[in-house]
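Engineer: pasting the structure only:
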Ligand code: PBG
């Protein structure tokens, strides 16, 4: 009579790609997660696939960052190299790429800066360029996480023009300006050098606005819509599921992972049970797909 079931099939596992060779550096605030060079991340991708997880999402940590985040759309960038290597070694694994500027800009913001502010429209061009360069390298799907207005349309148009009409878009549609991203910014070295992301990410107090954001992204061509973070936003996941007929993804973000890991390490909670309960709640709320750093551990339990 159980109403909700989890499967490794539901998971998307995030991977952090860095420059160099033979690099596998644990992220201190995210035990069990690593910054890895292309060779290491390719091996890791193979392990992920062997656990029955169908898909990974790639984030890049480039060697050099600059004002315009040029590493984001460099044909020889870390993510572009990783896509080619993974598709070569594990062709059945679905490779999704995070499309954003913050990992590549020296100021750590998700767009181009002018007079201390993020410029929406000039950023769209760069995001489209980044998405096309990922598709050219062989990405199966692109996932814009920047929250600029109009970026799904800009990316869809650019992909279609370049002959990638079949590459779908999973948009971070309802993405909140959340403190739960803290550990990720360690992982991706993308903490904004000034200000915060509140001019482009959503106010945690807003529920109905999420439906507006999602509707806009679907209108612009999003194939899958995402709510992020997941745990403090289960109501939003449920609303989105009830209101739209597209697959819904939820991002169980870094801070949600680190909380459980820290309390588990201290012996304050039963880490495994809490992990499974959280993932089940996200699925129960309406997520078809869950991006989670727990994907491997949870799959090991589910596969037993
Ligand atoms: C990039 C991006 C972020 C995350 C995913 N893509 C960070 C942010 O917006 O600051 C967060 C993921 C996580 O916390 O696990 N914009």
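Structural biologist: Arrived safely, thanks for sending. What you see is a predicted model, and the numbers here were worked out from it, not measured in a lab.
Engineer: Distance of residue 55 relative to residue 12?
Structural biologist: The gap separating residue 55 from residue 12 is 5 Å, by Cβ to Cβ, to the nearest Å. Yep, even glycine has a C-beta here, placed from its N, CA and C like the rest.
Engineer: do the same with residue 298
Structural biologist: As for residue 298, its distance to residue 12 is 12 Å (criterion: Cβ to Cβ).
Engineer: Between residue 55 and residue 12, which contacts overlap?
Structural biologist: Residues touching both residue 55 and residue 12 (Cβ atoms under 8 Å, 6 or more residues apart in numbering): residue 96.
Engineer: sorry, back to before: common neighbours of residue 298 and residue 12, please.
Structural biologist: Listed as contacting both residue 298 and residue 12 by Cβ under 8 Å, 6+ apart are residue 292.
Engineer: need the next SSE after the one helix or strand residue 276 maps to, C-terminal direction.
Structural biologist: Using DSSP states H and E, residue 276 sits within helix 271-285. Downstream of helix 271-285, the first helix or strand assigned by DSSP H and E is strand 289-292.
Engineer: Who are the packing partners of that following strand?
Structural biologist: When contacts are defined as 3 or more Cβ pairs under 8 Å, 6 or more residues apart in numbering; DSSP states H and E, strand 289-292 packs onto strand 11-18, strand 248-252, helix 271-285.
Engineer: Let's see that with 6 Å instead.
Structural biologist: strand 11-18, strand 248-252 (3 or more Cβ pairs under 6 Å, 6 or more residues apart in numbering; DSSP states H and E).
Engineer: Tell me which of those is the most buried.
Structural biologist: Most buried of those, by mean neighbour count (mean count of other Cβ atoms under 10 Å): strand 248-252, with a mean of 28.
Engineer: Parallel or antiparallel, list what pairs with that one.
Structural biologist: Note on strand 248-252: by DSSP bridges, its sheet partners are strand 224-228 (parallel), strand 289-292 (parallel).
Engineer: In JSON lines, list those strands along with mean neighbour count and distance to residue 86.
Structural biologist: Shown next, in JSON lines, are those (neighbours: other Cβ atoms under 10 Å; distance: least, Cβ to Cβ, whole Å):
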{"stretch": "strand 224-228", "mean neighbour count": "26", "distance to residue 86": "20"}
{"stretch": "strand 289-292", "mean neighbour count": "24", "distance to residue 86": "17"}
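Engineer: could the ones you listed be laid out in CSV, adding distance to the ligand and mean pLDDT?
Structural biologist: Output for the strands paired with strand 248-252, formatted as CSV (distance: least, Cβ to the nearest ligand atom, whole Å; pLDDT from 0 to 100):
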stretch, distance to the ligand, mean pLDDT
strand 224-228, 7, 98
strand 289-292, 8, 98
